[in-house]
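[1] structure of the sequence below:
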Amino acid sequence: MGGKFRIKNPATDKEVYGGYENTDLLNERVYGLPEIYRKEIKKARFITNPGCYATSIILGILPLKEYINDLDLQKVVVTSISGTSGAGATLSDKLHHSEVSGNVRPYNTLFHRHTPEIESILNESFKDLSLSFIPVIGDYRRGIVSNITVFSDSEPKDLAQIYKKRYHDEPFVRITPEIPEIANVVDSNYCDINSAYDPKKKRIVAVSALDNLLKGGSGQAVQNMNISLGFDEKAGLGMIAGHP
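    Numbers count the residues shown, from 1 in each chain. As a prediction, the model looks like this:
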């Protein structure tokens, strides 16, 4: 569940997480995002679960591979807002109720450790994608909404259908006609995604929403466990306790 081994490049991991103690594990580590690596997860002994921000952003961008030649991959801009549980259970002055209540706080605006994780996974498909990412903490307990902007000079054909086609067989990704909201995914393992093209600004706008503790955390771990052990992928993920 930790960040170790999410990034396969040892030099990048050393910069972000301090380096590996056992680089041999890199040869068998599988990145645990079923929507990309389900076949590998089925055979894996060692699965590293993605970060919560990473899951919401990767799923929101991945279908745009269909338009790769029209995208400005050096200007992918994302702002994500997360509930307080995204910071973990460790005590922090910044997470006291008096600091969080009635407040919205951007943090790590120049660098967040999920950025190289996201770039490394997406660049297995896009090759040259560079992400500008700002995380924000909001006055609520759980859930992430990621607002993704990718610039494109050409209007993408059948944008909504491309997203539906990419995730047609995915049990926990829903392509919604409305802009996703945290209230529709909290306490579930779903990730909701909507996309649209703005012809005036020549940009694709994708919005994703998920529960950072479930599809962005332990729910995804259970999903990976089910796949790895040959169980029903949805087993245990229909009724989930809502604490915190």
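[2] list phi and psi for the residue nearest the centre of the chain.
    For the chain, Thr55 is the residue whose C-alpha lies nearest the centre (Cα atoms, centre = their mean; 1.7 Å). Main-chain dihedrals, Thr55, degrees, to the nearest 10: phi -60, psi -50.
[3] check the one 3 residues further on too.
    Note on Ile58: its backbone torsions stand at phi -60, psi -50 [degrees, to the nearest 10].
[4] surely it is in contact with Tyr31?
    No. With contacts counted by Cβ atoms under 8 Å, Ile58 stays clear of Tyr31, the gap being 9.6 Å. (Each C-beta comes from the backbone N, C-alpha and C, glycine too.)
[5] what do those two both touch?
    The contact sets of Ile58 and Tyr31 overlap at 50, 121 (Cβ atoms under 8 Å, 6 or more residues apart in numbering).
[6] hang on, the earlier thing: list the contacts for the residue nearest to the centre of the chain?
    If a contact means Cβ under 8 Å, 6+ apart, then Thr55 has 33, 191, 210, 215-216, 220 as its contacts.
[7] how close does Lys42 get to Ile227?
    Distance from Lys42 to Ile227, counting by Cβ to Cβ, to the nearest Å: 6 Å.
[8] do Val136 as well
    32 Å.
[9] and if you look at Leu73?
    Leu73 is 30 Å from Ile227, by Cβ to Cβ.
[10] now Thr176
    Distance, Thr176 to Ile227, by Cβ to Cβ: 25 Å.
[11] between those two, point out the one with more neighbours.
    Using other Cβ atoms under 10 Å as the criterion, Thr176 and Ile227 rank with Ile227 on top: 22 against 19.
[12] burial count for the nearest residue to the more buried one once chain neighbours are set aside?
    Closest residue to Ile227 apart from its sequence neighbours, by Cβ to Cβ, 6 or more residues apart in numbering: Ile41 at 4.8 Å. By other Cβ under 10 Å, the residues close to Ile41 number 21.
[13] what does the one 3 residues further on give?
    Number of residues near Ala44 (other Cβ under 10 Å) recorded here: 18.
[14] and what of Gly19?
    For Gly19, the count of nearby residues is 12 (other Cβ under 10 Å).
[15] thanks a lot, see you next time.
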